[in-house]
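**Q** attaching a predicted model along with its sequence, questions to come.
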Amino acid sequence: MLEQRSYFYESFIRIRFLVRWFFCRLRNRDDDMIKVIPHGVFYNGYTVQGHANYAEHGKDIVCASVSVVAQMVASQLEIKGYCNVRIKDGELNVYIDEWARKSAEEYIDMMIRTLREIKMQYDGYIEFEEEF
């Protein structure tokens with residue numbers, strides 16, 4: 001009996017994930033997706049905005065993981081004095097100083113690679129405005 005419940009529970013989780021993924025794709029609304037937007041050339045800076053709506057508030061692992069990656073890179077760049085960071089209304093804006101663009105390149109590349117990995121696992125919840 002316990003094995004049967006476990007099977008049904010796992011099936012339920014899989015179906016719930018597929019339904020969420022399907023409806024996210026079907027709606028394809030801007031407010032149901034995190035957007036990563038470069039400022040001109042990406043090394044000038046970037047904006048991360050929106051919400052993934054993968055799960056209910058406080059349990060959204062997609063939104064949390066993107067936020068951690070983007071804010072970690074922004075924080076490190078700001079500590080080194082390479083940029084100005086503004087966070088307002090759920091939007092993270094990073095403006096990299098012209099003299100620091102070459103130095104910031106490694107951090108930005110790391111962030112892009114990590115966000116691409118997250119996007120591969122949770123496609124339909126993260127969008128790059130331009131392909132990098």
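**A** Yep, that arrived.
**Q** which other residues reach stretch 101-116?
**A** Contact partners of stretch 101-116, identified using CB atoms under 8 Å, 6 or more residues apart in numbering, comprise 36, 42-44, 46, 66, 69-70, 73, 76-77, 80, 82-83, 96, 126, 128, 132. For glycine as for every other residue, the C-beta is placed from the backbone atoms N, C-alpha and C.
**Q** okay, and which of those map to helices?
**A** Judged by DSSP state H, helices contain the following of the contacts of stretch 101-116: 66, 69-70, 73, 76-77.
**Q** mind checking which of those are buried?
**A** 66, 69-70, 73, 77 (16 or more other CB atoms under 10 Å).
**Q** and those residues, which is closest to Ile118?
**A** Within those, distances to Ile118 taken as CB to CB reach their minimum at Val66, with 6.2 Å.
**Q** these two touch, right, Ala100 and Cys83?
**A** Yes - here Ala100 reaches Cys83: they are 6.9 Å apart, a contact under CB atoms under 8 Å.
**Q** for the residue lying closest to Asp32 once chain neighbours are set aside, which three-state class applies?
**A** Setting aside the residues directly before and after it, Asp32 is nearest to Asn53 in space (CB to CB, 6 or more residues apart in numbering), at 4.8 Å. Per DSSP: H, G, I helix; E, B strand; the rest coil, the local secondary structure of Asn53 is coil.
**Q** so the nearest residue to Ala70 once chain neighbours are set aside is in which element?
**A** Distances taken as CB to CB, 6+ apart place Val48 nearest to Ala70, at 4.4 Å, with adjacent residues excluded. Taking DSSP states H and E as the criterion, Val48 maps to strand 45-49.
**Q** I'm done for today, thanks for sticking with me.
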